[in-house]
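S.K.: What follows is a protein structure lacking sequence information:
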Ligand code: EPZ
C-alpha cells in the first residue's frame with residue numbers, strides 16, 4: 001500500500017497548474033448517458049474517482065476514448081443500466097448514474113452506497129425526488145431498483161441541501177415530460193457547471209446557482225464539447241499549504257470567483273492574495289512571529305465555507321497565533337483528522353461538531369494514517385509544516401481527488417516522495 005514521506009519545514013514557492021474539478025467531472029461524465037451522440041469533456045482530471053466512474057459507464061455500454069485534451073463518451077447504446085456494488089462501494093458518487101439512466105432508459109439498478117468515514121451519507125433525497133417525478137423505486141438486496149416509463153415534471157423541495165441530490169434530479173428532469181422546479185437546491189459551482197454542460201447539450205434550465213432551479217423537459221439531448229471548471233478545493237488546498245509553510249505560490253488555470261469564502265478566510269489569517277482571471281497568487285503572512293493568525297470557521301453550503309476545506313484549514317490552525325474554532329455543520333463525523341494531527345503534536349479538543357485548536361510553536365513529524373480524502377490533504381499540509389519526517393499511510397484516499405499531488409508539491413519545492421506498492425497513479 002502506497003505511503004507518502006514528507007520532510008517538513010520548506011516554504012512552498014513557485015507555480016502550479018490546477019486540474020479540472022473532480023466534483024464537476026463526476027456528474028458530467030454521467031450526463032453522457034443522457035445523449036445518443038458523443039459528449040467530449042476537456043480538462044479531465046486524472047483521478048482514481050474519474051477512472052472508476054469511466055469504468056462504471058463503460059460497463060453500461062458507453063464507449064470511452066481518451067485523448068490529450070480530455071475524454072469522449074459515446075452512449076449511443078446503453079446495454080446494461082446497472083451500477084454494481086463492487087464499483088459503488090469504492091465511489092459513492094456512482095449514485096449520479098441513477099437519474100440519467102432512469103431518464104434515458106426508463107430503468108436503473110444502482111447499488112446503495114454504504115456509509116463512509118465522514119458520515120452516514122444517506123441518499124433519501126435522491127430517491128424521494130425521483131419518486132416525485134413518477135419513478136417506482138424498490139430497495140432490494142442492497143440495490144435501488146428504479147423504473148419509469150417516462151419521468152414527469154414536478155415541484156420538489158429538498159429537505160436538506162444536497163449537491164449530488166440536486167445534480168441527479170437536474171439531469172433526470174432534462175428529459176422529463178413537462179417542467180420540474182427544484183427548491184432548496186444546492187448552489188455549488190459544480191452544479192452550475194453541470195447545468196452549463198446540460199444546456200449546451202440542449203437542455204432548458206433556469207436558475208442554476210440559486211436555490212430554485214427550473215427545468216423544462218425536452219425529448220432528447222445531443223453531444224457537445226464542454227470544458228470542466230477548475231477544481232476549487234484543489235486550489236484551496238494548495239493555498240492553505242502555502243499559507244501554512246509561509247511560502248509564495250501562483251495557481252495557474254484557477255478560478256478565484258468560486259473561492260471567495262476560502263480567500264477571505266486566508267486573508268484573515270494574514271496571507272496576502274492577488275487574483276487575475278485565471279491565476280491566484282498567495283504570499284504567506286510575514287508578521288514578526290511568522291505565524292498565521294488564529295481564525296473561526298463554520299462550514300456551510302455554497303457560498304458558505306466549503307466542508308471540503310475544513311480539514312485543510314485545521315492543519316493551518318495547528319500552528320496559528322492563538323486559538324481557532326472550526327465548526328462542521330454538513331457531515332456528522334468529519335473530524336477523523338484530529339486524532340492524526342494530535343500525533344504530530346497539535347493541541348485540539350473536539351466537542352461534537354466543534355474543534356478548538358490552540359496554536360503550538362511547531363509540529364513534529366510522525367507516522368499518521370489517512371482516513372478520507374480531505375483528511376489526507378490535511379495530513380499532507382501538516383507534514384509540510386512539521387519538523388522532521390512525516391509518513392502518511394493509506395494514501396489511496398488522496399489519489400481519489402488529487403492529481404499527481406507529490407509531483408505538484410515537489411514542483412513547489414516540497415521534499416515529498418511516494419513509497420510502497422505501485423508507482424504514482426497514472427492516466
Ligand atoms: C458532495 O457530496 C461532494 N461530492 C462532497 O465532496 C462534498 O463534501 C458534499 O457534496 C458537500 O459539499 C461530490 O460532489 C461527488 P450532500 P454529496 O448530498 O452530494 C445529507 C469530496 O471531498 N444528505 O451535499 O454526497 C448528507 O448526509 C467530497 O470531494 C441527506 O441527508 O453531499 C450531508 O449531511 C466529500 N440525504 C448533507 O446532506 C440525501 O439524500 C450534504 O450532503 C443526501 C444528502
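M.R.: Right, received. Where do you want to start? Source: prediction; values computed, not measured.

S.K.: any chance you could map the helices in the stretch 101-250 of the chain?
M.R.: 124-132, 163-173, 189-200, 232-244 (DSSP state H, counting those that start in this stretch).

S.K.: what does this structure put close to the ligand?
M.R.: Residues of the chain found near the ligand (Cβ under 6 Å from any ligand atom) are 22-23, 26, 93, 119-126, 160, 162-165, 307-308, 330-331, 373-374, 401. Where C-beta positions appear, they are placed from N, C-alpha and C, glycine not excepted.

S.K.: hmm, back to that, could the helices of the stretch 101-250 of the chain be laid out in a markdown table, adding mean neighbour count?
M.R.: Formatted as a markdown table, the helices of the stretch 101-250 of the chain follow (neighbours: other Cβ atoms under 10 Å):
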| stretch | mean neighbour count |
| --- | --- |
| helix 124-132 | 20 |
| helix 163-173 | 28 |
| helix 189-200 | 22 |
| helix 232-244 | 27 |
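
S.K.: about what we covered before: which among the residues of the chain next to the ligand end up buried?
M.R.: 22-23, 26, 93, 121, 123, 125-126, 162-165, 307-308, 330-331, 373-374, 401 (16 or more other Cβ atoms under 10 Å).

S.K.: buried ones in stretch 139-154?
M.R.: Using 16+ other Cβ under 10 Å as the test for burial, stretch 139-154 gives 143-144, 146, 148, 151-154.

S.K.: Which one of these is nearest to the ligand?
M.R.: residue 144 (11.6 Å; Cβ to the nearest ligand atom).

S.K.: how close does the residue nearest to that closest one when sequence neighbours are not counted get to the ligand?
M.R.: Leaving aside its sequence neighbours, residue 144 sits nearest to residue 110 (Cβ to Cβ, 6 or more residues apart in numbering; 4.8 Å). Distance, residue 110 to the ligand, by Cβ to the nearest ligand atom, to the nearest Å: 13 Å.

S.K.: what about residue 110, neighbour count?
M.R.: 26 (other Cβ atoms under 10 Å).

S.K.: And stretch 401-411, end to end?
M.R.: This stretch, stretch 401-411, spans 19 Å end to end (Cα to Cα, to the nearest Å).

S.K.: what's in contact with that stretch?
M.R.: 4, 12, 14-17, 19, 22, 45-47, 49, 233-234, 237-238, 241, 373-374, 377, 380, 384, 398, 416-418, 424-425 (Cβ atoms under 8 Å, 6 or more residues apart in numbering).

S.K.: Name the spans of the stretch 301-427 of the chain whose pLDDT lies under the cut-off.
M.R.: Within the stretch 301-427 of the chain, the stretches with pLDDT under 70 are 421-427.

S.K.: Do you have the helices of it handy? List them.
M.R.: Using DSSP H, counting those that start in this stretch, helices in the stretch 301-427 of the chain cover 310-317, 337-343, 373-385, 396-401, 405-410.

S.K.: Could you pull out the buried residues of the fourth one?
M.R.: Of the residues in helix 396-401, those buried by neighbour count under the rule 16+ other Cβ under 10 Å are 396-401.

S.K.: of the residues you listed, closest to the ligand?
M.R.: Distances from the ligand to the buried residues of helix 396-401, taken by Cβ to the nearest ligand atom, are shortest for residue 401, at 5.4 Å.
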